[in-house]
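Peer 1: Fold the following.
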Amino acid sequence: MHSFFSSRRRCFLALFSILAGFTLAVSAQAPSAPSAAATHSPDATADLNTLAHRILNTGIKTSGLKTEGLKPWHMKVDLQFTQPGKSKPDSASLEVWSMGPYQWKRVYIGKDRRYYGSEWSVSRFEQYRTKPDDGGFDPSNLSPNTARPVIDPLYLAGNIKPDYEMTIKSATQDGVVLKCVLVANPSDYDVDQTNQDYLLPTACFDNDLHLRAVSASATVVKYDDVQPFQNRSVARDVKVLVKGAQVAEMKVSLLEEWTGADAAQLKPGKGTVSEPYRIEPGMPQPESIHEEGFPPPTRNGGQFGAGSLYYSGMIKVPIVIKKDGSVKVDTKGIISPDQPVKDAAELAINHWKYKPYLVDGQPVEVGFTVHYNLDKPFVPSYNTPKAKPAAAAPKH
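Peer 2: Residues are numbered from 1 along each chain as shown. Here you go, the predicted model:
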């Protein structure tokens, strides 16, 4: 174990020494430049791009626990959630048993029913959860700020393709100087036209190869107390901040190999329901072939028509795309405080149609979120301009 991490540290320090020399050369030429990438020669930019990809790929291979080849493992995590208007955070716990990236069980326990329930992954295509109730446990809302940052901290990096141009910047976190790798111009790439800043993350590493922060749009995840486990680096203290305010903290109280692991212990029991397939970062987005808009309802009793004050803003509409491409709107999950908006969105989007979503050549029922902008005239996504192609591929 010690030799593995020592070797890995020497490799990573070599990368940083190359970067240090490169940074010094750039600084000598343009000390007042706002960013290194802005003044590089084409060759220097290409070298920096190549190094950034290498650092990110090394981090992916060594950070977190979602990977093939690990021995079965068991984890316990103490959770705290900071709620607006509350003086004390809510507490809960998470326990995980895993036999592989797609074979696991997660159990949440908390006094608040939002934090009480379980979810299972039986295979890449089969996921289950505790039967939902109104306003209760929903792992799709809970996991992104709890289990996922601890287990799979660089999951968003799957959106960064090998031909995306990357760069490197320095940052300081809690007195530690970090090297941060990021996509140089996120708007150049057709990842998702709703928010490239969120889907193309910035990943920051210290000199020991430890991932110390991931930022995406207004969200920053900080990683502390990093320790080795089965040739991986796992942070035992993980904090999620949104616009600088902490919203969640996870402290790993136990991480051990799961001796005597039995797949039967991971099978969902009674009172569970299946979940649609979850699209992973880097996978193709569903492709719609028919979309219908709706006029935003007015605030005078929910009537439609001109000359009144309309609802405005972006609403998120969760849907399930069935195997034949038809759509079912999850009305309970629509993020909008106004029932007329929810009703109008459900009526229109239930008529949408997609191409069947294929995974390994077979159609699956897939969960997806439609971002509907009430402030602009409706234009189907297949009629909107596409982003320009990637600028250049990194050297190898």
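Peer 1: Excluding chain neighbours, what is closest to residue 128?
Peer 2: residue 268 (4.1 Å; CB to CB, 6 or more residues apart in numbering). Where C-beta positions appear, they are placed from N, C-alpha and C, glycine not excepted.
Peer 1: Same question for residue 90.
Peer 2: Nearest one to residue 90, counting by CB to CB, 6+ apart, is residue 81 at 4.5 Å.
Peer 1: Give me the number of neighbouring residues for that neighbour.
Peer 2: For residue 81, the count of nearby residues is 21 (other CB atoms under 10 Å).
Peer 1: Test of understanding: give the bridge partners of it.
Peer 2: residue 90, residue 248 (DSSP bridges).
Peer 1: so it makes contact with residue 92?
Peer 2: Yes - the criterion here is CB atoms under 8 Å, and residue 81 meets it with residue 92 at 7.3 Å.
Peer 1: residues shared between the contacts of those two?
Peer 2: residue 115 (CB atoms under 8 Å, 6 or more residues apart in numbering).
Peer 1: what stretches of this structure score poorly on pLDDT?
Peer 2: Applying pLDDT under 70 to the chain flags residues 1-42, 134-135, 190-197, 298-310, 336-337, 385-396.
Peer 1: quick one: the helices in it?
Peer 2: In the chain, the segments counted as helices under DSSP state H are 2-29, 36-39, 42-62, 139-142, 147-151, 196-199, 339-349.
Peer 1: what comes up buried for the fourth one?
Peer 2: Residues of helix 139-142 classed as buried by neighbour count (16 or more other CB atoms under 10 Å): 139, 140, 142.
Peer 1: closest to residue 291 among those?
Peer 2: Set against residue 291, the nearest of these by CB to CB is residue 140 (23.1 Å).
Peer 1: Quick one: residues contacting the residue most central in space within the chain.
Peer 2: Closest residue to the average C-alpha location of the chain: residue 156 at 4.5 Å, with CA atoms, centre = their mean. By CB under 8 Å, 6+ apart, the contact set of residue 156 is 199, 200, 201, 214, 216, 281.
Peer 1: who wins for neighbours among those?
Peer 2: residue 201 (29 neighbours).
Peer 1: my guess is it meets residue 157, correct?
Peer 2: Yes - shown here, residue 201 and residue 157 form a contact pair, counting by CB under 8 Å, at 6.4 Å.
Peer 1: Could you list the domains of the protein?
Peer 2: 1-278+391-396, 292-379 (automatic domain parsing).
Peer 1: could these go into CSV alongside distance to residue 286?
Peer 2: Listed next are the domains of the chain as CSV, based on distance: least, CB to CB, whole Å:
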stretch, distance to residue 286
domain 1-278+391-396, 11
domain 292-379, 5
